[in-house]
Each structure stands twice: as structure tokens, then as C-alpha cells.
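In: Okay, sequence plus prediction incoming.
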Amino acid sequence: RAEVFLKSNNKQKDIFIEYYNLRTGVINYKDFLNTYNFDYLVVAFYENILFTYIDESKNYTLIYNENNKLKLYKKIEE
């Protein structure tokens, strides 16, 4: 349900625009991940920025790779 990610509906912030900015490189993927502190990430090939740079992250480890088009990462516990 995309409408819950709009500020006009959730009354907090425009997460939809933030995600768009992530995908287009306007915001840094590390800042985005630090903000939301995800335990798991499902990253598809078409999500260019995150798909390209997530392997460089020291905070997530790859646990599943489907034909290099869909990847599942788990946050590394500190």
C-alpha cells in the first residue's frame, strides 16, 4: 500500500519521495539504511544504486542470490 508512505497520509514524512531519491542517487544509500535500520533487505537488479553498492556495506551480508537479479541481505549484528 503505497499511500501509507505519503506525508499527507502518515503525517510524519514523505517516505515515497525519500525512496525515489535513494533510487536516483539524490541521497546516500548508507544514510537511508542507517535511518531505517533494516534487519533484512531484498534488493532487485532494477534498484540500481542500492543493488550496485550494497555489496560494499560492512553492515549487511548476502544470504541469497537469485541469478544475480534478486538478492537477500541480512544485517550483521554488532
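Out: In hand now; what should we look at? Residues are numbered from 1 along each chain as shown.
In: all contacts plus neighbour counts: C-alpha atoms, from now on.
Out: Noted.
In: Next SSE downstream of the longest helix seen in the chain?
Out: Ordering each helix of the chain by length in residues (DSSP state H) puts helix 15-24 first. As assigned by DSSP states H and E, the chain's next helix or strand after helix 15-24 is helix 29-36.
In: For that following helix, which helices and strands make contact with it?
Out: In terms of contacts (3 or more CA pairs under 8 Å, 6 or more residues apart in numbering; DSSP states H and E), helix 29-36 is packed against helix 48-53.
In: what about the helix it packs on, distance to the chain center?
Out: 9 Å (CA atoms, centre = their mean, to the nearest Å).
In: Stretch 4-13 now?
Out: On CA atoms, centre = their mean, the centre of stretch 4-13 falls 18 Å from that of its chain.
In: Buried ones in it, by neighbour count?
Out: Of the residues in stretch 4-13, those with enough neighbours to count as buried (16 or more other CA atoms under 10 Å) are 5, 6.
In: average pLDDT across it?
Out: If you average the pLDDT over stretch 4-13, you get 84.
In: Ends of it, what's the gap?
Out: One end of stretch 4-13 sits 10 Å from the other (CA to CA, to the nearest Å).
In: do stretch 1-9 as well
Out: End-to-end span of stretch 1-9 (CA to CA): 11 Å.
In: circling back: so which bits of the longest helix of the chain are buried?
Out: 15, 18, 19, 22, 23.
In: cool, stretch 25-40 as well?
Out: 29, 33.
In: neighbouring contacts of it?
Out: With contacts defined as CA atoms under 8 Å, 6 or more residues apart in numbering, stretch 25-40 is touched by 18, 21, 22, 49, 50, 53, 72, 73, 74, 75.
In: Cool, thanks, talk later.
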